[in-house]
Structures are given as structure tokens and as C-alpha cells.
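The following comprises the amino acid sequence and a computationally predicted model.
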Amino acid sequence: MTLWVITDLDDTWVKTARKLPDISLGTNVISADSSYEPTYMNPNALKLWNLFQNVNTRMIPVTGRSWASASVWSIYQAMPWQQGGIFSHGACIKDLSGLTDCVWNALVQETLNNPLNKEALAHWQHWIIKCGWHNEADQRLVALKTEEANVLGWVAKAKSVKAEHLLKEQVDQWKLKAIELNLQVFAQKNHITVMPKGISKKDAFAYWKLTYAQKSDSFIGFGDALHDIAFMKMCDWWMTPSESDISNAIPS
């Protein structure tokens, strides 16, 4: 039997520098030559991560980050995991040797090449720009890409308190528009993501579990966002940080 830790990364184990009040207490998990934003793990998270390593568990990241982004982490120092994983919000699955799963990749490409999905994504992009969300320093509208550079979805991300207020004022309207276009939508405090249905962390983990795990294996799920619950509930147990969207949604 293998004990698998199926885990989100950002805001579950690590935070970018702008989200931390004191980076001197954290361990930087981004390689020094990376162009990505500095990202840190706090001491308690590092202790827990090391505890799992000590009891010979296997880690599988389930992250919105692309494989390219995740692979520049100092993973063999602070956060070692095996080569497998689920990346790009579920659009990319790496097998246990680190190769892209071709069967899942074909299913994703079929979904993205559907003309209705292409039209819906383009419509949402133009609509949100029309609503006043432009690609500026503190409010970013970014295309999510697959490894083949196909558009997977769109994320509107607030990078300042002012932009977060603007997002909060409009996010419910944006959600309704995405649903009208038959797109799935994931929203958190500082960003909203839209993607075609059929590609998600939950869908990818369901495939991964069926393909790579044994029936005798056990699973612990980690996540911080409400939409992480979907894949976490497929595990035997799940955990969330005390300060997360999930924990904050639970009445005290």
C-alpha cells in the first residue's frame, strides 16, 4: 500500500512574497534564476512536509501552475516530490516518470478544439474587457496555455488592493456570464478563472487515480480553495490550512 499526498501548492503550502508579512521566516522555494515571483514556505508548513517525507509517503501536486512554472521550484531541497503530477488546472498530467500522459492530453485537446468552447472563451475574453478589465500593471487578464500553447482558459487577476475591490464588485456578474456561456468558473479573493467543462483538478485526479494508483492505496488531499474540495473529497482524508478560503467558509 502507498500513502499518497494529493496536494494543491499555492496558498496551501506556499505563498508569494507579497502575501507574507515577514518573508525572513520563510524558505524560498523558487530557483534563484527563475523569472517567477519569489515564493516561500513558512516553517510550520515545512515541518509538516518533512514529516510526510519521513514516513515514506508519495507526493502528487495538483496545481494551477504549469509544469514549466512548477519545475523551477527548488523542489529537491524544500519540497521534493516525484516526477508525476497534475498541472495547469488539470490540463496536464505527468506520469510517474515525468512524461506527459498522452491519453489524457488527447482528451484535453479534443475539448479545447471544440468550436463551441473556443467561441465561448473568446466571447468571455472580449466581454470582460468591455466591462473595463484591461491588461494593466495591477489588473491582469492572462490566457492560460497548455504545453502545446493552446488557450486553455482566461484568468483575471488583481495585483493590488484597489484591483481586488474592482474584482469584488464585478465577480458575480462575471460568474453569471461564464455560466451562460457553459464555461466552468473558479473564483478566489484576487482572481477569477474560466475554462471549458471537462478539464479540472477533479477530472484530472479521477483519471490519474484510475490509471496510476492501486486499489489498496490511501489518499490524503490538501487544498485551500473552495474548488479544491472537489478533488479532496475523492481522497480518504483531507486537510486545509487554518487560514484558507475553505476554513473561512466554515462557521465558527
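Looks like it came in fine. It should be emphasised that the depicted structure is a prediction, and the values quoted were computed from it without experimental measurement. Numbering: from 1, shown residues only.

now the residue sitting nearest the centre point of the chain, nearest residue through space, not along the chain?
By Cα atoms, centre = their mean, the chain has its centre lying nearest to residue 64, at 2.4 Å. Nearest residue to residue 64 in three dimensions, chain neighbours excluded: residue 89, at 4.8 Å (Cβ to Cβ, 6 or more residues apart in numbering). C-betas here are computed from N, CA, C, even on glycine.

In contact with that neighbour, which residues?
Neighbouring residues of residue 89 by Cβ atoms under 8 Å, 6 or more residues apart in numbering: 64, 144, 152-153, 186, 193, 195, 199-201.

Residue 5 now?
Per Cβ under 8 Å, 6+ apart, neighbours of residue 5: 52, 57-60, 220, 222.

Mind checking which of the contacts of residue 89 are in strands?
Under the assignment DSSP state E, the contacts of residue 89 contribute 144, 152-153, 186, 193, 195 to strands.

closest to residue 107 among these?
Proximity of those to residue 107 (Cβ to Cβ) peaks at residue 152, which lies at 13.1 Å.

Wait, the closest one touches residue 195, no?
Yes - between residue 152 and residue 195 there is a contact at 6.1 Å, judged by Cβ atoms under 8 Å.

Tell me, what's the model's pLDDT at the residue nearest to the centre of the chain?
Residue 64 is assigned 89 on the pLDDT scale.

And for residue 29?
pLDDT, residue 29: 82.

and it, how far is that from residue 81?
Distance of residue 29 to residue 81, computed by Cβ to Cβ, to the nearest Å: 12 Å.

related to what we said a few turns ago, dump the ones in strands among the contacts of residue 89 into TSV; add distance to residue 179 and neighbour count as well.
Formatted as TSV, these follow (distance: Cβ to Cβ, whole Å; neighbours: other Cβ atoms under 10 Å):
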residue	distance to residue 179	neighbour count
144	19	19
152	18	26
153	14	27
186	12	21
193	14	22
195	13	26
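
Can you say which two of those residues are spatially most distant?
152 and 186 (12.5 Å).

Need the overlap of contacts for these two.
Contact criterion Cβ under 8 Å, 6+ apart; residues shared by residue 152 and residue 186: 89, 195.

tell me the domain ranges of this structure?
In terms of domains, the chain is parsed into 3-91+200-249, 108-196 (source: automatic domain parsing).

could the ones you listed go into JSON lines alongside distance to residue 102?
Below are the domains of the chain laid out as JSON lines (distance: least, Cβ to Cβ, whole Å):
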{"stretch": "domain 3-91+200-249", "distance to residue 102": "11"}
{"stretch": "domain 108-196", "distance to residue 102": "10"}
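
mean pLDDT lowest for which of the ones you listed?
Among the domains of the chain, domain 3-91+200-249 scores lowest, at a mean of 86.

Tell me if I'm right that residue 125 and residue 141 touch.
Yes - with contact defined as Cβ under 8 Å, residue 125 counts as touching residue 141 (7.3 Å).

who has more neighbours, the two?
Using other Cβ atoms under 10 Å as the criterion, residue 125 and residue 141 rank with residue 125 on top: 18 against 15.

residues touching the more buried one, list them.
141, 143, 154.

my read is it is in a helix, agree?
Yes - the assignment for residue 125 is a helix, going by DSSP: H, G, I helix; E, B strand; the rest coil.

just to revisit the earlier point, of the contacts of residue 5, keep whichever come out buried.
For the contacts of residue 5, a neighbour count by 16 or more other Cβ atoms under 10 Å gives the buried set as 52, 58-60, 220, 222.

Before I go, just wanted to say thanks for your time.
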